[in-house]
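Asker: sharing a model that was predicted from the sequence below.
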Amino acid sequence: MSEILRSFRRNAVHVRQALSLFNEAAGRIEVERGYLQDAGSIERYKRLSIPVRRAMNDRDRASVAQALEAVSEPARRADARFGTAATQWAQLQRELDSEVGLGGGRLPRRDLVTAWLDAAAFYDKLERDHAYDRLIEQWGPAAESIGVQLTEEAARVVLLLDEAVAGALEEPVILPPPERTPPPPRDPKERWWRRWW
C-alpha cells in the first residue's frame, strides 16, 4: 500500500475525532463584539483545523490531492465513492478560487480559509500574536463563518475519501489506535545509583 494513503488515513482519523467532539462539546452562548457566539467554538475548530490544513495542502503527504492520485484506476472504477470524492474536491477547489468581498476589497476564498485555518490551529487564549483577533478585525465575523463553512466542507470530503480508501484497502473505516511507542532503552553507561534518582 502506498505510504501516501497511509498518511492520508492517519490524518483522517484526526478529522473524524475532531468532528465527533462537535456534538459532545457544544459550548454556552455569549455575546462578543456585539455578536452571539459559542464560547468554545474556536477551541473545537482548533482541533479540526490542524488535520484539515494538512488535507488541503497539496504538498503534504496526507493531502486529498495526493491521496486521489495514489489510488489505482481499478480501485477508482470499483467504488463510486472515489468519483464522488473527486467531484466534491474539484467543486471545493473552484469555490476556494472564487473571490469574496470583505473588508472593503475582494480576496480569494482560499486566502481567507488559509488565514482562518492558521488562526484557528495556532489559537491560544494567552497568545501574544493574536492572529485570530487580527483576522476578525481585518475581515469581520463573516471571515469566521466562511472559514468554518469551507473547513467543514473539506472535512466531509476527507471522510468520504477515507471511507473509499478503507474499502479499497479492505481495512476498517475506523482504524484501531496506533501502538504505543516503547520507552527508549537505558543508557548502558549510566551509573546504577543514578537510576534510583
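Answerer: Thanks, I have it. All values derive from a computational prediction rather than experimental measurement.
Asker: longest helix anywhere in the protein?
Answerer: Determined from DSSP state H, the single longest helix within the chain is helix 141-169.
Asker: give the buried residues for it.
Answerer: Buried residues in helix 141-169, defined by neighbour count with 16 or more other Cβ atoms under 10 Å: 143-144, 146-148, 150-151, 153-155, 157-162, 164-166, 168. In short, each C-beta sits where N, CA and C put it, glycine included.
Asker: centre of the chain to it, how far?
Answerer: 8 Å (Cα atoms, centre = their mean, to the nearest Å).
Asker: by contact count, what packs against that helix?
Answerer: With contacts defined as 3 or more Cβ pairs under 8 Å, 6 or more residues apart in numbering; DSSP states H and E, the packing partners of helix 141-169 are helix 3-24, helix 41-56, helix 64-70, helix 80-97, strand 99-102, helix 109-121, helix 131-139.
Asker: contacting residues around the residue lying closest to Val71 once chain neighbours are set aside?
Answerer: Beyond its immediate neighbours in the sequence, the residue positioned closest to Val71 (Cβ to Cβ, 6 or more residues apart in numbering) is Phe82, lying 6.1 Å away. When the contact criterion is Cβ atoms under 8 Å, 6 or more residues apart in numbering, the partners of Phe82 are 68, 71, 75-76, 161, 164, 168.
Asker: can you put the helices and strands packed on helix 141-169 in TSV and add distance to Val173?
Answerer: Below are the helices and strands packed on helix 141-169 laid out as TSV (distance: least, Cβ to Cβ, whole Å):
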stretch	distance to Val173
helix 3-24	9
helix 41-56	16
helix 64-70	15
helix 80-97	11
strand 99-102	34
helix 109-121	25
helix 131-139	33
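Asker: residue contacts, the residue lying closest to Val113 once chain neighbours are set aside?
Answerer: Leaving aside its chain neighbours, Val113 sits nearest to Leu150 (4.8 Å; criterion: Cβ to Cβ, 6+ apart). Going by Cβ under 8 Å, 6+ apart, Leu150 touches 92, 95-96, 109, 113, 116.
Asker: the residue positioned nearest the centre of the chain and Pro176, how far apart?
Answerer: By Cα atoms, centre = their mean, the chain has its centre lying nearest to Val52, at 1.8 Å. Using Cβ to Cβ, to the nearest Å, we find Val52 at a distance of 23 Å from Pro176.
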